[in-house]
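Engineer: got a predicted structure here, sequence first:
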Amino acid sequence: MMKLFLIAFFLFWSPSPSAPSAIMNAEMSITKEDGSSVGPSLEIQPGQGMNLTCTIEGYGLSLDLLWYEEGQVLRHQTSIEKSAFMQQHQLRLTYSDDCDRKFTCIYGDEDEVQLAKSTTIKCLG
C-alpha cells in the first residue's frame with residue numbers, strides 16, 4: 001500500500017517535460033574569450049575590447065537565449081550555437097561604448113524569464 005502511495009505521489013508532483021521547471025537542471029554562465037568566468041562586474045582597460053559569451057546547458061532547451069540591456073534586446077550579439085542541449089550567444093564590448101552598462105543574458109521569452117545572469121562593465125582609467 002505504501003509503495004502505491006509513493007508512486008502516485010511522484011507521478012502527481014513530477015513536472016511534465018514541457019513544464020518551465022523542466023530546465024531547473026540547466027546551468028548558465030558568462031565567460032570571457034579565454035574561458036574564464038565573469039562575475040557580477042567586469043573591469044576593462046582603456047582601449048580594450050572583448051567578447052562575452054553567455055552559455056546555457058541543459059536538456060530540452062526550446063526557448064531563446066539573448067543579451068538584454070534595460071529590457072531591450074541588444075543588436076550587437078551573435079548566436080554561436082543553438083541546439084536542444086546548449087545555446088551560446090556572444091556580445092562584443094568596447095571600452096568607449098560600454099562603460100558602466102549592465103548587460104543581462106536571459107533564457108526565456110517576453111512573458112517568462114527562466115534563467116538570467118548579469119554583469120556590469122566597469123571601466124578603469
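Structural biologist: Structure's in. What do you need?

Engineer: give the buried residues for the top strand by length along the chain.
Structural biologist: For the chain, the strand that runs over the most residues, judged by DSSP state E, is strand 113-123. Within strand 113-123, the residues that qualify as buried by neighbour count (16 or more other CB atoms under 10 Å) are 114-115, 117, 119-121, 123. Backbone N, C-alpha and C define where each C-beta goes, glycine included.

Engineer: one more: stretch 38-45?
Structural biologist: Here stretch 38-45 shows 38, 42, 44 as buried, counting by 16+ other CB under 10 Å.

Engineer: tell me where this structure has strands.
Structural biologist: 27-31, 41-44, 49-57, 64-69, 72-73, 77-82, 86-94, 102-108, 113-123.

Engineer: deepest-packed of the ones you listed, please.
Structural biologist: strand 102-108 (a mean of 20; mean count of other CB atoms under 10 Å).

Engineer: bridging residues for S118?
Structural biologist: With DSSP bridges applied, S118 shows beta-bridge pairing to T104.
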